[in-house]
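Q: Let me see the structure of the following:
(one chain, ligands or ions: 1)
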Amino acid sequence: MRLIAEELSGERGGETVFSGVSFALGSGEALMVTGPNGAGKSTLLRVLCGLLPPAEGQVSFSGGGEDWPDSAAACHYLGHRNAMKAALSVMENLAFWQRFLGNPHLDPHEALEMVGLDGIGHLPFGYLSTGQRRRAAIARLLVSYRPVWLLDEPTSGLDRASEKQFAELMGVHLEDGGLIVAATHLPLGLNGARELAMRGAEL
Ligand SMILES: Nc1ncnc2c1ncn2[C@@H]1O[C@H](COP(=O)(O)OP(=O)(O)OP(=O)(O)O)[C@@H](O)[C@H]1O
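A: Next comes the predicted model:
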């Protein structure tokens, strides 16, 4: 599988926030998107998964067969918000996402165990601490399979042990032939990851 960005520009509110972004990422590869606040990292991730149209250039995804015909279908997007309903339990949220997204991968109980949240699946999501919320959102990546993980500051709010656990989960995803694009200010503990340094519209 291959995710390709060609001469991409992204706009917010009619202003160009980045331009000329190109890369090609294959199965088992990770790309760290770095740069100062406002450089356009989140905007780039949203363009890659089709939540925003590119102002210029194009995104393509190949080798995904019928299940993953394009990048929008192939991507899991973990944004700043955790995409969970506060009043539903953690388990209910994960079960909803599994039904909604299809391509079931891990059972929600198993996914919670993988992020160290077993035992609190019955709690409303809104009761969880900041780091626990992030871990539950990471469990969403595990309940339905998507080959491409687009991660926006994925370790924000995580303690050291959870950061390490998440690095292991990302490692397994890459070993299984997945792809990862992560916007981050911190090293994520992925050996061999490439870097895309963004500097914003002045490029
Ligand atoms: N909906 C919007 N309307 C107008 N401008 C926006 C909108 N969303 C973002 N922007 C602007 O686009 C620019 C890029 O924002 P973006 O969130 O992509 O940056 P970032 O590199 O992810 O920053 P950070 O490191 O702070 O997360 C910023 O200047 C931001 O103010």
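Q: from what I can see, Ala161 looks like it's in a strand, true?
A: No: with DSSP: H, G, I helix; E, B strand; the rest coil as the criterion, Ala161 is assigned helix and is not in a strand.
Q: Contacts only, for it.
A: Ala161 is in contact with Gly116, counting by C-beta atoms under 8 Å, 6 or more residues apart in numbering. Glycine gets a C-beta too; all of them are placed from N, C-alpha and C.
Q: Distance of it relative to the ligand?
A: 24 Å (C-beta to the nearest ligand atom, to the nearest Å).
Q: Equivalent analysis for Ala74, please.
A: 21 Å.
Q: Pretty sure that residue sits against Pro147.
A: Yes: contact criterion C-beta atoms under 8 Å: Ala74 and Pro147 qualify, at 5.2 Å.
Q: shared neighbours, the two?
A: Between them, Ala74 and Pro147 share the contacting residues Met1, Gly64, Trp68, judged by C-beta under 8 Å, 6+ apart.
Q: From Arg2, how far out is the second one?
A: So that's Gly64. Separation of Gly64 from Arg2 (C-beta to C-beta, to the nearest Å) stands at 9 Å.
Q: again, but for the last one
A: Shown here: Trp68 relative to Arg2, a distance of 11 Å by C-beta to C-beta.
Q: If you count surrounding residues, which of these two has more?
A: Using other C-beta atoms under 10 Å as the criterion, Trp68 and Arg2 rank with Trp68 on top: 20 against 14.
Q: Please list all residues in contact with that one.
A: With the criterion set at C-beta under 8 Å, 6+ apart, Trp68 makes contact with Met1, Phe61, Ala74, Arg146, Pro147.
Q: now Asn82
A: Contacts of Asn82 (C-beta under 8 Å, 6+ apart): Phe125, Arg133, Arg134, Ala136, Ala137.
Q: Would you map the helices across the protein?
A: 41-48, 71-74, 90-101, 108-114, 130-143, 160-175 (DSSP state H).
Q: Can you verify my assumption that Glu11 contacts Ser19?
A: No: the pair Glu11 / Ser19 is not scored as a contact, 9.5 Å apart, by C-beta under 8 Å.
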